[in-house]
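Student: Provide a 3D model corresponding to the input given below.
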Amino acid sequence: MINNLCYSAASFMNDSDLRWICYPPHHGCGNLVFKLENVGVERLCTPMDSNPTRKVVGKGHSAIVLIGIVNGAVKAIKVRRRDSKRMSLYNEGKLLEVASRGGVAPRPFYFDDDIIVMDYIEGPHLEEALRNDPIHAVRESMRAARTLDDLGILHLELRRPWKHVRFTSWNGKAVILDYESASTGCGNVVKLVSGLLTRFNGGLIFLRKHSGLFSRYYIECSREVYEDILSIVLEFVEHHTYFG
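Tutor: Here you go, the predicted model:
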């Protein structure tokens, strides 16, 4: 796995690594470098599908995500940006703990205000999975969203699910990423379906037709309503084309 993820075995903390750890540049690292080394980060890796000089696999307004070797294993490392208005990653780490116990999030190994070290999910992204097997991709994504609803974690970004859902393998489980803006409540299933079906022919018509059922889900958040939504969505997907 390591050889598939890393171009080289360069040691941690070369100039290229510092460029990304202290992102954006020239904002200083404080004790961040020491903290990463103390956690067990041995080196950062460049994804095989990326520019060799680039090590970031995800970048948002408040944090970046890197891949690294941590105590001999490949992990994802989320680092708070030095210019972030967000003061801490700690609450996100706590939500990851809960969601990972439900099997729908990367398992965190360490987290504090500045970093989260967690499992790296290497499988296909949602768009790739939909092109490969739309029925499996939709069913698994909805299962993961329902699990979050059962746990009372409202993701808030699943209307744009493309960067937030990944799979453990082509036929594997769906995992939901990035709990930065997550809150409490129910509604992930409806948000996910609303995002997914905009990229199927006839999807908007379908969503309008069944808006009453979706509203009922927001109110009840029941397994019964979920099963009704799952059934009609899978039937729709089976007979309509994904054009993403």
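Student: okay, helices next: where are they in the chain?
Tutor: With DSSP state H, the ranges of helices along the chain come out as 2-5, 15-21, 32-39, 90-101, 126-132, 134-151, 188-196, 203-209, 211-220, 223-239.
Student: local confidence estimate at the residue of the chain positioned farthest from its centre?
Tutor: The centre of the chain is farthest from one residue, Lys209, which by Cα atoms, centre = their mean lies 29.8 Å away. On pLDDT, Lys209 comes in at 98.
Student: check the gap between it and Leu197 for me.
Tutor: 11 Å (Cβ to Cβ, to the nearest Å). For glycine as for every other residue, the C-beta is placed from the backbone atoms N, C-alpha and C.
Student: quick check: chain neighbours aside, which residue is closest to the residue most central in space within the chain?
Tutor: Nearest to the mean C-alpha position of the chain, by Cα atoms, centre = their mean, lies Leu177 at 1.7 Å. With sequence-adjacent residues excluded and distances taken as Cβ to Cβ, 6 or more residues apart in numbering, Leu177 is closest to His164, at 5.3 Å.
Student: low-confidence regions, the protein specifically.
Tutor: 1-16, 26-28, 30, 47-55 (pLDDT under 70).
Student: show me how this protein divides into domains.
Tutor: 2-119, 126-239 (automatic domain parsing).
Student: and the longest one, how far out from the chain middle?
Tutor: In this view, domain 2-119 has its centroid 14 Å away from the chain centroid, taken as Cα atoms, centre = their mean, to the nearest Å.
Student: thinking again about what came up before, from memory the residue nearest to Leu177 sits against Glu180, does it?
Tutor: No: using Cβ atoms under 8 Å, His164 makes no contact with Glu180, being 10.1 Å away.
Student: which one of those two is surrounded by more residues?
Tutor: His164 (21 against 18; other Cβ atoms under 10 Å).
Student: quick one: contacts for that one?
Tutor: Leu126, His155, Glu157, Leu158, Ile176, Leu177, Asp178 (Cβ atoms under 8 Å, 6 or more residues apart in numbering).
Student: look up how far Ile219 lies from the fifth one.
Tutor: Note on Ile176: its distance to Ile219, by Cβ to Cβ, is 23 Å.
Student: these two: which is more packed in?
Tutor: A direct count of neighbours by other Cβ under 10 Å for Ile176 and Ile219 places Ile176 higher, at 28 against 9.
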